[in-house]
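Q: show me the folded form of this:
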Amino acid sequence: MTYAALRHSFAALLLGVSFAQPALAAALSAPRTASVAVADNPAAHPSFTVRVVGKGRPVLLIPGLTCPGAVWDETVARYQGRYQCHVLSLAGFGGTAPAAGAPTADFLPAVREQLLTYIKTQKLDRPAVIGHSLGGFMGLWLSTTQPDAVGPLLILDSLPFLAAVQNPALTAEAARPMAAGMRQQMGAGKLPLAQQRQMVTTMVTDTAHQALVTRWGQASNPASVAQAMYELYTTDLRADLGAVRQPALVLGTWAAYQPYGATLASTKGIFEAQYAKLPQHRIEMSQAGKHFVMYDDRDWFFQQADAFLQANYAAKK
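A: Sure, this is the predicted structure:
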């Protein structure tokens, strides 16, 4: 497999799992920090659940494909003393119950609209967004849809149009047949568990986190995740990035692709091309991290995140 083909398929690697439904989704999560009560109406956002931890200026933490909000536990533990962390779990991901009638078309647009409503009803003042993979894409989409709704964007290993990694000229319409085929295959959950585990090793380095990500995949609803993947592959935000008004820090990774001939410079070039129209952004590349950079290169991630938040979203004293 070429580096380009591997990079093009990194979402498929995470999604290509043999799905099974365990009895207790809570058993999949790392130990969690305590939640605080908010005046929320969960019925208003059936596409996701929210756990609120800490006090201070609000921060939205959005996970990637197949992962629940627990993927952010270490991040929440670091920031809950400075910020009020609103930790999302998308319906059907990582043991979170799928939305009624799922899957339906326009799952991710529903997440976007319900999240914009959540920000308004909770009276969150331009919350910062920390998003991994699909979560980073969602942060961009919130900002292009309503530029004044959110604050600074911290985007982890995500792109505004994933399907165009191999071919920058690819359009969303042209990507639909490929994405539809992936949706059908992944919704069926045909991949053997052993192969899934091997694929997860391309995204996470240490064995404990590999096992955690694998279990979250097993606990996910295959149809829900496959629909989200399809929409991710067929939504192109590149031309809309000029509407974004807030600063953004993009943290990319390349270590997983080094054996396939990638260099740090060539991988950064992919990010630079896709984010070219984003007005206020900086791209930094992890030297050691794979896709789950907050696990693999944690100290570097926190160093970058601390500096970015301090400069653009300092906690109020």
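Q: low-confidence ranges, this structure, go.
A: Scanning the chain for pLDDT under 70 picks out 1-37, 102-103, 189-192, 317.
Q: list the helices and strands the longest strand along it packs on?
A: Criterion DSSP state E: the longest strand present in the chain is strand 83-90. Judged by 3 or more Cβ pairs under 8 Å, 6 or more residues apart in numbering; DSSP states H and E, strand 83-90 is in contact with strand 48-53, strand 57-62, helix 73-79, helix 107-121. All C-beta atoms are positioned from the backbone trio N, CA, C, and that covers glycine.
Q: helices of the stretch 151-300 of the chain, start to end?
A: 172-187, 193-200, 207-219, 222-233, 264-274, 293-296, 298-312 (DSSP state H, counting those that start in this stretch).
Q: so what touches the longest strand of the chain?
A: Outside of strand 83-90, the residues within contact range by Cβ atoms under 8 Å, 6 or more residues apart in numbering are 36, 47-63, 68-70, 72, 75-76, 79, 96, 111, 115, 118, 122, 124, 127-128, 135, 224, 228, 309, 315.
Q: tell me the most buried of the helices and strands packed on strand 83-90?
A: Across the helices and strands packed on strand 83-90, averaging neighbours per residue (mean count of other Cβ atoms under 10 Å) puts strand 57-62 on top, at a mean of 26.
Q: sorry, back to before: dump the helices and strands packed on strand 83-90 into a markdown table; add distance to Ala180 as well.
A: Below are these laid out as a markdown table (distance: least, Cβ to Cβ, whole Å):
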| stretch | distance to Ala180 |
| --- | --- |
| strand 48-53 | 24 |
| strand 57-62 | 25 |
| helix 73-79 | 34 |
| helix 107-121 | 15 |
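Q: between the ones you listed, which one is closest to Trp216.
A: Closest approach to Trp216 among those is made by helix 73-79 (12.2 Å; Cβ to Cβ).
Q: by contact count, what packs against the closest one?
A: Counting contacts by 3+ Cβ pairs under 8 Å, 6+ apart, helix 73-79 packs against strand 57-62, strand 83-90, helix 293-296, helix 298-312.
Q: quick one: strands adjacent to the second one?
A: Read it as strand 83-90. In the sheet, strand 83-90 lines up against strand 48-53 (antiparallel), strand 57-62 (parallel) (DSSP bridges).
Q: relative to the whole chain's centre, how far out is the first one?
A: Pointing back at strand 48-53 there. Taking Cα atoms, centre = their mean, to the nearest Å, one finds strand 48-53 lying 15 Å from the centre of the chain it belongs to.
Q: which one is Ala188 nearest to, not counting chain neighbours?
A: Pro222 (7.2 Å; Cβ to Cβ, 6 or more residues apart in numbering).
Q: so that neighbour is in contact with Arg183, correct?
A: No. With contact defined as Cβ atoms under 8 Å, Pro222 does not reach Arg183; the gap is 10.1 Å.
Q: picking that back up, okay if I get the strands paired with strand 83-90 as CSV plus distance to His291?
A: Listed next are the strands paired with strand 83-90 as CSV, based on distance: least, Cβ to Cβ, whole Å:
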stretch, distance to His291
strand 48-53, 21
strand 57-62, 15
